[in-house]
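# Structure for the following, please:
(chains A and B, ligands or ions: 1)
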Amino acid sequence: MTEIIMSQTPPILHGPSEKERKYDRQLRLWAASGQAALESANILLVNSGAGTVGAETLKNLVLPGIGRFAIYDEAQVSEADLGVNFFLDDGGLGRARAQSLTELILELNPDVQGTWYPNEGVKTLDSLLAGSPVFTVIMYTHPIRPEQLSQLEAYGQQHKTPLVAIHSAGFYSYFQINLPGAFPIVDTHPDETAMTDLRLLTPWPELVAFAEELTKDIDGLDNYEHGHLPYVVILLHYLKQWKVAHDGKYPTTFKEKTELRKIVQGAARTNNPEGGEENFEEAAAAVVKTVVRPSLPSGLKEVFEYEHTDPVEQKSGFWLIADAVKEFYEKHQCLPLPGNLPDMKAQSKVYIQLQGIYKAKARKDAAEILQIVQAAPGGEHVDPAEVDLFCKNAAFVKLINATGGGASGSGVKISRADRLKSAADQEFANDETAALSLSPLSLLPIYLALQATAHVDVDVDHRHQPSSTGTGGLDADSILAAVAQQVPGAEKHERVVQAAREVARAAGGELHNVAALTGGMVAQETIKIVTKQYIPVDNTCVYDGIGGRCQVLRL
Amino acid sequence: MASAEVYPASEPARWTYLDRIRTRPGPFTNPDMFSGEAVAAAMETMKILVIGAGGLGCELLKNLALSGFKDIHVIDMDTIDISNLNRQFLFRQADVGKSKADVAARFVEKRVKGVKITPHNCRIQDFDEDFYMQFQLVVCGLDSIEARRWINATLVNMVDEDVEDSYKPLIDGGTEGFKGQARVIFPTVTSCIECQLDMHAPRAAVPLCTLASIPRQPEHCIEWAHVIAWDQEKPFPQLDKDDPEHITWLYQKALLRAREFNIPGVTYSLTQGVVKNIIPAIAATNSVIAAACCNEALKIASNCAPFLGLPEENYMMYSGNDSVYTYTFKHEKKDDCPVCGQLARDLPVEASWTLSELVDSFAARPEAQLKKPSVRAEGKTLYMQSPPSLEAQTRPNLDKTLVELGLEDGQEIGVTDPAFATVVFKFRLRFKQ
Ligand SMILES: [Zn+2]
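Coordinates of the predicted model:
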């Protein structure tokens, strides 16, 4: 066990650095690796419409220390902006909105760089895109001019830059993530309880020997030792007995597992001062969840089945490791062991020994996979730490956007239109039975109504004198007519009609709360994409500020 | 419907977008409760209270100021710490050490013209019912469950059926990492914070014997340093969890203990996290939850759209770890809620327990979570935590069993706790067979 001591970092006698103190609450979520990714990210916001949701999103990215941002916004600060956007003030009235936003958002974090456009030197979105270092993520808010959208989509395609479309009006909003290709995530942060993988039905020789040593004279153990056998050891002992009594077969059905649980419960000593044994209680409680055959989780199965033919993908460490893990799985019929051991009642020394056995096996599996990786072409460049991380998280690795690439050319656009139609059919059909299944009604009507106003030509000059009777945006009938063009028949659904009327009520104006809420969600998603941690939305999230809920749809 | 007239606020151009929504009915607006003409003026005279000027509180103040509220009060007794700056966006490096309530109020007043924000740099318990009576709405952004329970109990107690003004809707938000929740409470009418207490169960404490003799996790070593070593050695007169020197002392103690048992993983950051019970927090999640709360506040204040709380859904759960997921549902009011219910709540106990065991059990029960309980039964005082004279007088009872004290199965007991000065928690003893 000395190697554990060796691997422990020496005590740091000085406290955390200034930066670690400032970012402490977030480092606990995405660690130094996530922070480094954020700090090297370069974000572009193409802001239009009422302009609040973009500012709120950026605020939530500047605070945790994104590297740099650029704002492209053609509007001038108007009186109406000041009633909805916190990052504009009276002093900015009539000035370039991009400049005011940039200045007030930069105040939030001196570590962040920010620039604004159009300016004297760079007057168009096109020239901004052509003359800037590559953007990590681009966000744009609706309504956007079609030619600008095409420029952004072309850029995203060329540079493999994820695009996030955001639309917030009145009580409604949605955002849509457009990833440039399949997007794998290794560090998905599953719940700790879900990560327990003890291999009780496929124990390896070291684990078997350890358990047998502790239980060879189980009835002769004194009460203290018996009451401190780790539950893993208890279960291995009674599983061995079970096998002997059942023709070498392990319990598989729920009924058999219930029987095993009873055996374990019955084996606890009750003639001791406590009148029972906590470790046997833990063992009994763990039967159903831990006495399981290794299986291939659906997320990883999707990774194994994905054909990565793209040359960029071919070279990526992720796919080299995924191929190696697949080979490992085909050979051993199980995944590499993650190696973590949950806490359980046990003596310190015994627990640490058992923990060491799990860790050693995990290291051995990872080493085997590293060997496969290194034997593959290009594999010599793969960082062993990346292999370790993959092995630790293998069961929870996830592939986002496996079936669809980004928007490119008219071919994909047609298929996206079809996808929207079939999603609409599905959602309307679900709604027919929603009352019976007690499930919430679809929020697709909100998406349809908002989307109908997403490409309205932005009349920048008009924004100087917003009319209090609200002529910006479309009326409900025009919205429904636009919906009918996208999804014929949808305009007849009562809930689509209501959504259209609600969208018309806002007339393109934002409510601050809905913009702030949406900006929070988009910032979370951007952080997930940039850090490659946690699992991003695939691909559209619709928010209903009247019902107070969200729905994620793949559109 | 969308062509209905807009009734603008006092500075019409500035509030164009808000006025379109709050003064014009939409397809979901209840016409019986809505008067577009009256909304803007009514909201300008409404008094709203924000509790907490931290991660959620900064967002709440910004959101309410931009939702048309003009008279906002904020209570927070904390001062600004450097670890707040990654999300509490109203504060700057130069503000470290100053009052959160003061700095936040001044910033929002300066940025949003025409809003008045009154800061209170003190504890919520420093105010009485008269103070809370002046508000029409209370919005909470707190990280402490105790404070939430206190304000909840206070607002429930203030309800007088004959006085419409005595019903103060309470909107409460909370976050942890990428997750959070927003809920709306109409005191005595809908499920309250106390009704929902078991949804926020405290983390199970590690048994003392594990800390003392068989540690296995780095957390066990840290808790040992915190609970046992500190008391034995008293390196400083009083533990200050914000003093890096104190945390460093605990860290080094924990590290030595970990070495003794070969336990890996004790770090300074983990030590700080365990000792201060740090909850990870980011700007993005606070933004989501605070906005969800203020969106309900705007709807309640204006009736321009249906709000959470009445009659159905009153609780929105949000999770952003794996995609985005919300679950918005109705949490049912509990008849045996100690704060808003009429009935005593069943309390499973062993007849053989001593009173001391009963008293200690209240802290860990998810449905009670009382740390300093005093117990009465049928008007008889069984145990009082204070004043010291009464404590000494009732202390001998602690060693007696429930049966010896004459308590029976089905008997009602009353429990009070200094954290909830006015509330008597009613429980009914249920002897386990
Ligand atoms: Zn209640």
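# Get me the contact residues on the stretch 1-150 of chain B for chain A.
Counting by C-beta under 8 Å from any C-beta of the partner chain, the stretch 1-150 of chain B comes close to chain A at B:1-3, B:5-6, B:8, B:11-21, B:24, B:26-28, B:59, B:62-63, B:66-67, B:82-83, B:85-87, B:89, B:92-93, B:111-113. C-beta: built from backbone N, CA, C; applies to glycine.
# is it true that B:Pro235 lies in a strand?
No. Counting by DSSP: H, G, I helix; E, B strand; the rest coil, one finds B:Pro235 to be coil, located in no strand.
# How much space separates the residue in chain A sticking out farthest from the centre from A:Leu214?
Relative to the C-alpha centroid of chain A, counting by C-alpha atoms, centre = their mean, A:Gly220 is the outermost residue, at 51.0 Å. Distance, A:Gly220 to A:Leu214, using C-beta to C-beta, to the nearest Å: 12 Å.
# Can you list the residue ranges for helices in chain B?
B:16-22, B:36-45, B:55-65, B:100-111, B:129-133, B:145-158, B:208-213, B:218-223, B:230-233, B:244-260, B:268-276, B:283-302, B:355-364, B:388-394 (DSSP state H).
# I'd like these as TSV, with mean neighbour count, mean pLDDT and distance to A:Arg416 appended.
Listed next are the helices of chain B as TSV, based on neighbours: other C-beta atoms under 10 Å in any protein chain shown; pLDDT from 0 to 100; distance: least, C-beta to C-beta, whole Å:
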stretch	mean neighbour count	mean pLDDT	distance to A:Arg416
helix B:16-22	27	95	31
helix B:36-45	16	92	40
helix B:55-65	29	98	35
helix B:100-111	21	98	41
helix B:129-133	13	96	53
helix B:145-158	21	93	46
helix B:208-213	14	94	57
helix B:218-223	24	98	49
helix B:230-233	11	95	62
helix B:244-260	19	96	54
helix B:268-276	20	96	45
helix B:283-302	28	98	28
helix B:355-364	18	89	54
helix B:388-394	12	91	72
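# Format those as JSON lines; extra columns: distance to the ion.
As requested, the helices of chain B are exported to JSON lines (distance: least, C-beta to the ion, whole Å):
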{"stretch": "helix B:16-22", "distance to the ion": "31"}
{"stretch": "helix B:36-45", "distance to the ion": "29"}
{"stretch": "helix B:55-65", "distance to the ion": "22"}
{"stretch": "helix B:100-111", "distance to the ion": "28"}
{"stretch": "helix B:129-133", "distance to the ion": "18"}
{"stretch": "helix B:145-158", "distance to the ion": "7"}
{"stretch": "helix B:208-213", "distance to the ion": "33"}
{"stretch": "helix B:218-223", "distance to the ion": "33"}
{"stretch": "helix B:230-233", "distance to the ion": "37"}
{"stretch": "helix B:244-260", "distance to the ion": "38"}
{"stretch": "helix B:268-276", "distance to the ion": "30"}
{"stretch": "helix B:283-302", "distance to the ion": "19"}
{"stretch": "helix B:355-364", "distance to the ion": "17"}
{"stretch": "helix B:388-394", "distance to the ion": "29"}
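# Compare these and give me the one nearest A:Val244.
Each of these was scored for nearness to A:Val244 using C-beta to C-beta, and the closest is helix B:208-213 (34.2 Å).
# who does the closest one touch, helix- and strand-wise?
helix B:218-223 (3 or more C-beta pairs under 8 Å, 6 or more residues apart in numbering or on different chains; DSSP states H and E).
# The residue of the stretch 351-500 of chain A found nearest the ion: neighbouring residues, count only.
The minimum distance from the stretch 351-500 of chain A to the ion, using C-beta to the ion, falls at A:Leu438 (24.6 Å). Using other C-beta atoms under 10 Å in any protein chain shown, A:Leu438 is surrounded by 6 other residues.
# contacting residues for A:Asn60?
By C-beta atoms under 8 Å, 6 or more residues apart in numbering or on different chains, the contact set of A:Asn60 is A:519-520, A:523-524, B:282-284, B:287.
# run the last query once more with 10 Å
Residues in contact with A:Asn60 (C-beta atoms under 10 Å, 6 or more residues apart in numbering or on different chains) are A:66, A:108, A:516, A:519-524, A:526-527, B:59, B:87, B:89, B:282-288.
# and what of A:Val84?
By C-beta under 10 Å, 6+ apart, the neighbours of A:Val84 are A:50-53, A:55, A:509-513, A:515, B:14-18, B:66-67.
# switch the cut-off to 7 Å
By C-beta atoms under 7 Å, 6 or more residues apart in numbering or on different chains, the residues touching A:Val84 are A:50, A:52, A:510, A:512, B:17-18, B:66.
# how close does whichever residue of the stretch 51-200 of chain B sits closest to chain A get to B:Ser166?
Here the residue of the stretch 51-200 of chain B nearest chain A is B:Leu66; by C-beta to the nearest C-beta that distance is 3.8 Å. Distance, B:Leu66 to B:Ser166, by C-beta to C-beta: 29 Å.
# Between the two, tell me which one has more neighbours.
Higher neighbour count among B:Leu66 and B:Ser166: B:Leu66, with 29 against 16, using other C-beta under 10 Å.
# how's chain B carved up into domains?
Following automatic domain parsing, one gets these domains for chain B: B:16-200+B:281-329, B:208-276, B:345-431.
# Redo those as a markdown table? Include distance to A:Ser150.
Shown next, in a markdown table, are these (distance: least, C-beta to C-beta, whole Å):
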| stretch | distance to A:Ser150 |
| --- | --- |
| domain B:16-200+B:281-329 | 28 |
| domain B:208-276 | 47 |
| domain B:345-431 | 56 |
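# And the residue lying closest to B:Phe91 once chain neighbours are set aside, how far from the ion?
Leaving out its chain neighbours, the residue that sits closest to B:Phe91 by C-beta to C-beta, 6 or more residues apart in numbering or on different chains is B:Ile80, at 4.9 Å. As judged by C-beta to the ion, to the nearest Å, B:Ile80 and the ion stand 34 Å apart.
# Okay, domains of chain A per the record?
Structurally, chain A divides into domains by automatic domain parsing as follows: A:1-30, A:31-184+A:514-553, A:198-290, A:298-398, A:416-507.
# returning to that earlier point: okay, the residue of the stretch 351-500 of chain A closest to the ion: pLDDT?
A:Leu438 carries a pLDDT value of 84.
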